[in-house]
Each structure stands twice: as C-alpha cells, then as structure tokens.
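Undergrad: Below is the sequence, then the predicted model.
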Amino acid sequence: MPSSFSSIQRSTILEGMATKDLDVLVIGGGITGAGIALDAETRGMSTGLIEMNDFASGTSSKSTKLVHGGLRYLKQFEINEVSEIGKERAIVYENAPHVTTPVWMLLPTIQGGTFNRLTLAMGLTVYDSLAKVKKNERHSILNKKQTIEKEPLLDRNKVKGGGYYVEYRTDDARLTLEAIKESVRHGTCAVNYTKAEDFLYKNNKVIGVRVVDQQTGKNHEIHAKKIINATGPWVDTLREKDESNKGKHLHLTKGVHITIDGKRFPLKQALYFDAPDGRLIFAIPRERKVYIGTTDTDYFSDKSNVQMTCKDRDYLLSAVNSIFANMKLETSDVESSWAGLRPLVHEEGKDPSEISRKDEIFSSSSGLISIAGGKLTGYRKMAERVVNLAVKELKKENKITYSKCKTLNVCLSGGKVGGSLGFKNFIYNKIQKGTTLGLTFSEAERLVKRYGSNIDQLYRIIQTNGEEAAYYSLTKEIFSMVVYGIEEEMTVTPSDFFIRRSGSMFFHIDWVEKWKTAVIDCMSHRLHWTVEMKKRKEEDLEKNIKAATIPIQD
Ligand code: FAD
C-alpha cells in the first residue's frame, strides 16, 4: 500500500508510525538512509524512516553532485572500490535518468601535476575496464592542441595535454528524494523534522526510538525489530547514545563549493584539474553557472551549521586562477556556495584527502546497526550490505526470512521514462503536452527534465488549479513545483523548496530573491501557517540565504 508523502499529512504519518511494530526503522534521510529504506521495503520489510531536519539536508545536498567512479582513488589502489562504484554509475543512470546526465570531463595534464600523459592513459584504461565503461563512453587521450580546443580558457603555457572521459552529473538532493519517494510508494512511512533523541531497550536490546517532532515539539515512541543508524556525520552521536561508540570512529572533513555566473566564467567544458597544492578540483558548467569544488579540511565545529569561510573561498578562487590565466576571478564573483561534511572512517596519521571513502558497518551489542563512509554513487550497494546484515540477524533472532536485494532493477520515482535511451523521446513528447497547457517550451522542458515520469502530476496541478498561480503572482511552472512539493515531496519550509526541491539556492540565488515572497505566500496559504509560523519560516530562509552567500571569517 503506498503511503502518503504529503507535508499536510506529516503529523498523521508520524503518529501512525508510532502505533506500528516496524521491521526496520532507518534514522537519517540522506542518500544512505534513503537507499536502505528502499532496499528493505522492496524486500517486503515494513519500513520507517525519520529525518531530524529536511531530507538530504546533511551531506547529501552538499556534494560535488557527480555520480562518479572515483578515478582519484585509483592512485590509492582502491581497486575494489573503483570497480564497484564505477559499475554503479551505470545502474544509477539507468534507474533514474531524469536526475543523472552523462557529462564529458576533461582532465588536463600539467608539469608536476597528479597525472602525466602515461599515468593518465594507464589510469583511464584501468578505470574503463574496472568500471565496465560502455564503448561510446570510453576515454581518449588528447594532445595539447586538442585539449585547448576543448577548453580555450585553459592557460596554454601550463597545459601539456589531457584525458577525456565520461562522468555523470546529478542533483544529489533530488536523487535522495526520488529514492525516498519510491520507497514510500512501496509502503515506507517517511517523515522529516523528526529527531531520534534516545533509544528504547528491552533486555539490553534496542527495540525502538524516542523521537521529537521538530515542528510541534511532541514526543513519540517508534518501535522496530531492527534500528539502522544512517546519520552520516552524526553516526557517532547516536552510537554514543547507544554507548557503543568504541573502536573505530568518524573523521569529519569539510568540502566547500562556490558558484560563479557563466557570463563571468564562460567555461564550456567540465574540468577536473590540479590545484597548486596538488589536489584535484572540479569546475563544472551547469544551468548557465559554473560551480567549483572542493576543499577538504578537518572539521571539529557544529555539524548543523557548516559554512564556507573566506579561506575556503580564496583557496578555490586561486586554484581556478592558477590554470585559467586570464580569468582573474575575484571574491565579488562568487554568487553562492555550499559546504558539507564527509563522514569518513578515521585512519590514523592520514591527511583528509588520503582517507579512504569506503563505507563501514558497525554492529553494537544492543543490535543497533550503524553505517558510515561511502559515496552518493555507491548508495545502492551500501544499502544492500546493511539490509543483508539486518535480514541475517532477523532470521537468527525472530526466524523471519526475507528475500534478496531487488533494487538493481527498481527505477527511482520519476525514473520510468523508458530507460536512459528512451528519455530523449519522453522529454520531447511531454514538452509538447506542456506547451498545450500554457507553459513555454523552456518551462515545460525544465519541468520534464526535473520530474521525469512524475511530470503528469505537475501537469494535473496546472490543469486543475493553474489559475491560482496568478493569485500568488507565480508562474504556472513555479506554482506547480510548490504545490507538488507540498503534496508529494513533504516540503515543509521555504528553505526545503529553494535548497533541496529546486536547487535554486546554490545555482540561482537571484531566482530565490525574485520568488521568495510569492512562494512563501503560496506555502503559507496551503499549509495554514499562523503569522508567527510564517515569520519563523521567512527568518529561516533569510538565514540560509546569508549562509550561502556570505563567508564567515576564519
Ligand atoms: P547525510 O546526507 O548527512 O544524511 C544523514 C542524515 O541524518 C542528515 O540529513 C541528518 O539530518 C540526519 N540525522 C542526523 N542525526 C539524526 C537524528 N538524531 N535523528 C534523525 N535524523 C538524524 N559522493 C559522490 O558519489 N559523488 C560526489 O560528487 C560527492 N561529492 C562530495 C563532495 C563533498 C564536499 C562531500 C562532503 C561529500 C561528497 N560525496 C560525494 C560523498 C557523499 O555526498 C556522501 O557520502 C553522502 O551524501 C553521505 O550521505 P549520508 O546519508 O550518509 O549522510
């Protein structure tokens, strides 16, 4: 039975969860928790998921937004890792082509850089083979002239040649949401703004969680046979509550990205280039902007308030200016930014960039299962490993048997577009339909590309209530996104909408400024906010705009 994922039903869903005895309760609504919920639910386990903030509000909306094989990890001889996540790229793409797009990446070689022509050719050949890269996506090695032709902005005095290979660009927050929505469609109860405060025990075994609804302050108890801690950077915080934070622990490192307008930095080619300190940095064109990242520095401060500092910003700007000699980007060119934490498993004596990105599962004597590390790209395989363990333990403890992992062929919500090959045609047909509803070609195109096979639900909103858009001074496109977000994606606050449902906070800050009053009015009306509630949500949005646009002093 599909559950609801409407923010209007949020309290009811949470109260309903508290009356059940679930098979699995997942704590954490990032990509790791999303994958676990989908895996468990599709094996027939009754599953719940709670998230203390908004879904994907942790690291899963702050990544480089690539579904990638991790070419860099070949240097650390992490062969199995590269092989597994390399192959997963193709699966993520096939199951969710609307949130995953192949992009050709150029890796220029420079004197004293990470790779020379020979090591790059070897690396990319091994990579193609390990990741079983499709024929039409295999790499080529370019000479200097070909490299400069691909990206004329590069400093021709520095560049010696390059490697040309395919990665996949994604929208990390929407990938997470689509996985949760699919899990909900199969029956999972998922709620945001619900924090796990304490564990409940019986005979020293964890049997549930006391949660607090962050919107109402109400307490609830949720019971489950297996509790899975998928809280990313907060994994050790919950292990401490379980008194099981012993042995291995997390090592948090911060990664920052900045966005520059495409007119100021007219990059035409996605790049992976050497910074002066020998680290590799991405510069990726996207929606008329270019984003650049990332930094990688140890982090010990507040996990819920991670921001770009002036030093982070200056580091990224100088990395770009070092290889694009004539760009001379300045601090005033930075339009927006985001900063996230890598929940890495600590390795003694290693620098942040050298620590393995491998995932690791911790089992406590109370029965709590925790998972940390890993990458967005490998979320499906991580989930499979965790749920396999839960299934094994449930069989031993309760004599219940569940099936094997089924997610290999499960399309994420919005992904039923005829596979990666059928998506182009799908887009074409649905744009035609959108234009008959009064949308411009570009509006319809943006909607179809973002929502994939869920587009008909947005079109239905336009057909039935589209006239309401004018009342809020919204376009039909934005109105349908807001209403769909409330009814089908549990959008609770304007920040949820501008950061994680539409991605505009990081890529179109001017769009946020232009539409925020109208969107807040529409949400306030539909969600029946009091004056006080509306004010709090406006303040929260302003705080987030400030965090994205103004760096903090080091
Ligand atoms: P999170 O996304 O942080 O989710 C954990 C969630 O748990 C949070 O939303 C949090 O609010 C919630 N939570 C915490 N405590 C509680 C509680 N008590 N109760 C309820 N909920 C709670 N990977 C890639 O594959 N490709 C990339 O391009 C890439 N780039 C990256 C760039 C950077 C800068 C960083 C930092 C990481 C990058 N990664 C990338 C790695 C990837 O983003 C992470 O591995 C992944 O997002 C981690 O997801 P998660 O679900 O484990 O953690």
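TA: Structure's in. What do you need? Numbers count the residues shown, from 1 in each chain.

Undergrad: List the contacts of the spatially most central residue of the chain.
TA: Note on the chain: the residue nearest the mean C-alpha position is Asp172, at 2.4 Å, using CA atoms, centre = their mean. The contact partners of Asp172, by CB atoms under 8 Å, 6 or more residues apart in numbering, come to 31, 56, 60-63, 65, 376. For the C-beta atoms, the positions are set from N, CA and C on the backbone; glycine is no exception.

Undergrad: Can you add secondary structure and give the residues you listed back as CSV?
TA: Listed next are those as CSV, based on DSSP: H, G, I helix; E, B strand; the rest coil:
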residue, secondary structure
Ile31, helix
Ala56, coil
Ser60, helix
Ser61, helix
Lys62, coil
Ser63, coil
Lys65, coil
Leu376, coil
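
Undergrad: Format those residues as CSV; extra columns: neighbour count.
TA: As requested, those are exported to CSV (neighbours: other CB atoms under 10 Å):
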residue, neighbour count
Ile31, 33
Ala56, 30
Ser60, 26
Ser61, 26
Lys62, 27
Ser63, 24
Lys65, 26
Leu376, 24
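
Undergrad: and these near the ligand, which?
TA: Contacts with the ligand within those, counted by CB under 6 Å from any ligand atom: 31, 60, 62-63, 65, 376.

Undergrad: Hmm, Val519 is touching Pro494, no?
TA: Yes. Because the distance of 5.8 Å satisfies CB atoms under 8 Å, Val519 is recorded as touching Pro494.

Undergrad: residues near the closest residue to Ser504 other than its chain neighbours, how many?
TA: Spatial nearest neighbour of Ser504, excluding adjacent residues (CB to CB, 6 or more residues apart in numbering): Trp511 at 4.7 Å. Neighbour count of Trp511, defined by other CB atoms under 10 Å: 14.

Undergrad: Just the pLDDT for the closest residue to Leu25 other than its chain neighbours.
TA: The spatial neighbour of Leu25 that comes closest, neighbours along the chain excluded (CB to CB, 6+ apart), is Ala224 at 3.6 Å. Note for Ala224: predicted pLDDT of 98.

Undergrad: do Ser353 as well
TA: Here the pLDDT value assigned to Ser353 is 71.

Undergrad: do Ile85 as well
TA: pLDDT for Ile85: 86.

Undergrad: who touches the helix or strand encompassing it?
TA: Here Ile85 is covered by helix 79-95, with elements defined by DSSP states H and E. By CB under 8 Å, 6+ apart, the list of residues contacting helix 79-95 from outside reads 67-71, 73-74, 100, 102, 127, 130-134, 167-168, 170, 175, 356-358, 375, 377-378, 380-381, 407-412, 415, 419-420.

Undergrad: Please name every helix or strand in contact with the very next helix or strand once past it.
TA: Using DSSP H and E, the next helix or strand after helix 79-95 towards the C-terminus is strand 100-110. Where contact means 3 or more CB pairs under 8 Å, 6 or more residues apart in numbering; DSSP states H and E, strand 100-110 is packed against helix 79-95, helix 117-130, helix 144-150, strand 159-170, strand 270-274.
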